[in-house]
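> Structure for the following, please:
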Amino acid sequence: MALATNGSTGAKGTVVVIDSGWSSAWNTGTLVYQQDFLNGDNDAKTTLANTHGALVTSEIVSKAPDAGIIELKVLPDDGSATSDATIEKALQWVVANADAYNVVAVNLSLAGGAVTAPTTTSLSDEIAALAAKRVLTVAAAGNAGQGDATQDVSYYAADSNVVCVSASTGDGQFPTWAQRSPALTDICADGTQVMLTNLAGQSYLASGSSFAAPAVTAALAQAQDMAMELRGSRLSLDEFVSLAKETGTPVGGTGYADLNADALLAKLAATYKPPVAGTASIVVSAHGTAAGGVNAHFNVLIDGQKVGEATAGTTAKDYAFTAGVTPDAGHKVQVQYDNDTAGRDLFVDRITINGKAVAPTDPIVSYDKGALDGKDVVAGQSGLWWNGTLVADAGQGFFPAAGTPAPAGTAIVVNAQGSAAAGVYAHFNVLVDGVKVGEGMTGATAKDFAFTATVAADAAHKVQVQYDNDTSGRDLFVNRITIGGHAVAPTDAIVSYDKGALDGRDVVPGQSGLWWNGTLVVSADKAWFPAPSGVAVGAADALLAHAVAQGQTSHDAVGATAFAAAGTPVEASFDAPFEPYAAHHLHADGIGGAGA
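Predicted coordinates:
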């Protein structure tokens, strides 16, 4: 194990483990930072060799060896109870430092309680802030199951912005103790008799959703690294969960799916191809502050020629653009802020050029204040307090001379909002010719939801927005559908509304307000799907954000048996408990043990 100095990062993305700390007996990979929020110091190493956090970490490292590791200790060495506030402090640290450490995932093998509906907790604000940065939190569903009667998950796992992981047997079944819910579980993973080997060669068989979650966290870390390399932006929560479900292995006839990490990564690689020669894929990660109800606007230019524009929201988001360039030559990629006024500012977090991320403070970046004339130039910075242009002087290595032509990637952007019933807003799927390419959950405010569809070039296609959770008081409002840069109003002549099932039977002219389940269908001309000369990079932004009911929680009890090298079994029990409410007085126990 190598311990890097504070401020360094792993070889690729970094995973944060919020647990009981690390142990010198277990592989911790590249440990890039540690902090003890329980005792208030910078040493998250424990005195207990087989602490729960060390086992969780070792599983992540074994499956994602290139990931950097951050250990944030919130539990005592023995994994007994801690406070909700302590966990929240750790998550607040992650929110503040995610960019500096290139954090891609957070593992929360801390569970407990029985929640049957999406639930907000004191951690929800931090988890949502991380999801907006595409730093996804993976949470264990818990082990207090009631056999096939289980319809609930643990407290934190019910948050709409986490990846909720239930434990399976890994061979198409569930252990009787595994908590799961058709509405709340996102993906399952083997959580029974998971073999872990320490640095002395001793093997442990660990069981519990605490050990199902790390498998998903490791796959997530690998997927985020691949997504950055292939398309220049990380996966959103919806994108990752959709990929995991689509490529997962069915768990019997239950409707649940087990993680298949290899299939997930293969599907991701097949969906996004490296940029073709002569094409620039530019992704600007930015947010802004508003004045007079108007947020910061910027243009994107290459060598002074505008290739696109966007208005930044208050939450960080990726804005993707594609343009033709001369290959095997350097180019200036420019982000031009143009509507400055008192109280309005633009913050550029990252510029990704053909998959290569550039920070606004990198040496190749400068800030040309005022007009783009090279006269008032300073070093690059994230906060643009005046009108001006960030200029990334990208060398020829950013623009390859040769590449493999990619399939035609068409960006589809749905601008929509919804009304809520029972705290849940309108949900929709986006399909092309009946094949789902993404989904979104609306809020009360209109928002752009971006998707990319790989389609046959030079052919007409039907782009479909399918509303699927109608009930009294809940409606979907589609304001605009943009296909490959062509904006379509829902009332345009090429749009129809197929009420109910998508079967062509109850079809009326298109309309903005969808008062019943049904599908808006855009009959898009073949000219909107040109033969590929590059990759149109897009990413689904929809994050589940509806108001949800409160719940309570206790702990996630797991068990393990340690087998020494000589084969003599040594009984040990671990878990990932936490105690958000002192009145519970719960403690760690093995599966089937008595918690009091």
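> make it CA atoms for all contacts and neighbour counts henceforth
Noted.
> Could you give the average pLDDT over the helix or strand residue 413 falls within?
Secondary structure assigned from DSSP states H and E places residue 413 in strand 408-418. Averaging pLDDT along strand 408-418 gives 82.
> elements contacting that strand?
Under the contact definition 3 or more CA pairs under 8 Å, 6 or more residues apart in numbering; DSSP states H and E, strand 408-418 sits against strand 447-455, strand 476-483.
> Now do the shortest one and strand 408-418, the angle between them.
Okay, so that is strand 476-483. Orientation check (axes from the mean of the first three to the mean of the last three CA atoms, to 10 degrees): strand 476-483 against strand 408-418 gives 160 degrees.
> what sits up against strand 476-483?
Surrounding strand 476-483, the residues in contact under the criterion CA atoms under 8 Å, 6 or more residues apart in numbering are 410-419, 426-427, 442, 467, 487-490, 512-515, 528.
> out of those, which are buried?
The neighbour-count test (16 or more other CA atoms under 10 Å) applied to those identifies 410-419, 426-427, 442, 467, 488-490, 512, 514-515, 528 as buried.
> Strands of the stretch 301-450 of the chain, residue ranges please.
Listed from the start of the chain, the stretch 301-450 of the chain has strands (DSSP state E, counting those that start in this stretch) covering 305-311, 317-324, 331-337, 345-353, 356-358, 365-369, 377-379, 383-384, 388-394, 408-418, 427-432, 435-441, 447-455.
> Make TSV from those and add distance to residue 101 to it.
Compiled in TSV, the strands of the stretch 301-450 of the chain are given as follows (distance: least, CA to CA, whole Å):
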stretch	distance to residue 101
strand 305-311	27
strand 317-324	18
strand 331-337	24
strand 345-353	13
strand 356-358	14
strand 365-369	20
strand 377-379	22
strand 383-384	19
strand 388-394	22
strand 408-418	30
strand 427-432	34
strand 435-441	29
strand 447-455	27
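> Tell me which of those strands sits nearest to residue 62.
For these, distance to residue 62 was read as CA to CA. The smallest value, 26.7 Å, belongs to strand 356-358.
> which helices and strands sit right next to that closest one?
Checking 3+ CA pairs under 8 Å, 6+ apart, strand 356-358 ends up next to strand 345-353.
> before we move on, which element is the spatially closest residue to residue 510 that is not a sequence neighbour in?
Nearest non-adjacent residue to residue 510, counting by CA to CA, 6 or more residues apart in numbering: residue 496, 4.1 Å away. Taking DSSP H and E as the definition, one finds residue 496 inside strand 495-499.
> Show me what secondary structure element comes after that strand.
Where DSSP H and E defines the elements, the next helix or strand beyond strand 495-499 is strand 507-509.
> what lines up beside that following strand in the sheet?
When pairing is defined by DSSP bridges, strand 507-509 lines up against strand 495-499 (antiparallel).
> So what touches the partner strand?
Residues outside strand 495-499 that contact it (CA under 8 Å, 6+ apart): 504-511, 516-523.
> Widest-spaced pair of those?
Farthest pair in the contacts of strand 495-499, by CA to CA: 516 and 523, 20.9 Å.
> re the thing from before, let me see the mean pLDDT of the strand holding residue 496.
Here the mean pLDDT over strand 495-499 is 95, rounded to a whole number.
> before we move on, what about stretch 351-364?
For stretch 351-364, mean pLDDT rounds to 85.
> That stretch: which residues count as buried?
Within stretch 351-364, the residues scored as buried using 16+ other CA under 10 Å are 351-361, 364.
> Output it as CSV, restricted to C-alpha atoms.
Output of stretch 351-364 as CSV, limited to C-alpha atoms (Å, rounded to 0.1, in the frame of the first residue of the first chain):
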residue,chain,number,x,y,z
ILE,A,351,-12.9,22.1,-20.3
THR,A,352,-12.6,18.7,-21.9
ILE,A,353,-11.2,18.6,-25.4
ASN,A,354,-11.6,15.2,-27.2
GLY,A,355,-11.6,13.4,-23.9
LYS,A,356,-8.7,15.3,-22.3
ALA,A,357,-9.7,17.3,-19.3
VAL,A,358,-8.1,20.8,-18.8
ALA,A,359,-8.5,22.8,-15.6
PRO,A,360,-9.1,26.5,-16.0
THR,A,361,-5.9,27.0,-14.0
ASP,A,362,-3.7,24.8,-16.1
PRO,A,363,-0.6,26.4,-17.7
ILE,A,364,-2.1,26.2,-21.2
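> So which residues make contact with it?
Around stretch 351-364, the neighbours that count as contacts under CA under 8 Å, 6+ apart are 228-233, 274-275, 280-285, 348-350, 365-366, 379-382, 390, 392-394, 398-399.
> now with 7 Å?
When contacts are defined by CA atoms under 7 Å, 6 or more residues apart in numbering, stretch 351-364 is touched by residues 228-232, 275, 280-285, 348-350, 380-382, 392-393, 398.
> list the buried ones in stretch 483-503?
483-484, 488-491, 494-500, 502.
> Next one: residue 178 from residue 152, what distance?
With distances taken as CA to CA, to the nearest Å, residue 178 is found 10 Å from residue 152.
> Isn't residue 136 up against residue 105?
Yes - the pair residue 136 / residue 105 is scored as a contact, 4.9 Å apart, by CA atoms under 7 Å.
> Spit out the contact partners of residue 522.
Taking CA under 7 Å, 6+ apart as the criterion, residue 522 is in contact with 462-464, 494-496.
> In a markdown table, list these along with distance to residue 27.
Listed next are the contacts of residue 522 as a markdown table, based on distance: CA to CA, whole Å:
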| residue | distance to residue 27 |
| --- | --- |
| 462 | 51 |
| 463 | 49 |
| 464 | 48 |
| 494 | 59 |
| 495 | 57 |
| 496 | 58 |
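> which two from the residues you listed end up farthest apart in space?
Checked with CA to CA, the contacts of residue 522 reach their widest spread between 464 and 494, with 11.8 Å between them.
> quick revisit: which of the helices and strands packed on strand 408-418 sits closest to residue 80?
Closest approach to residue 80 among those is made by strand 447-455 (42.2 Å; CA to CA).
> And the next helix or strand past the closest one?
Tracing the chain past strand 447-455, the next element assigned as helix or strand by DSSP H and E is strand 461-467.
> For that following strand, which outside residues touch it?
Residues outside strand 461-467 that contact it (CA under 7 Å, 6+ apart): 427-433, 476, 517-526.
> Buried only: go through those residues for me.
Taking 16+ other CA under 10 Å as the criterion, what is buried in the contacts of strand 461-467 is 427-432, 476, 517-524.
> Check the model's average confidence along the helix or strand harbouring residue 246 for me.
Taking DSSP H and E as the criterion, residue 246 maps to helix 237-247. The average pLDDT for helix 237-247 rounds to 93.
> No further questions, thank you.
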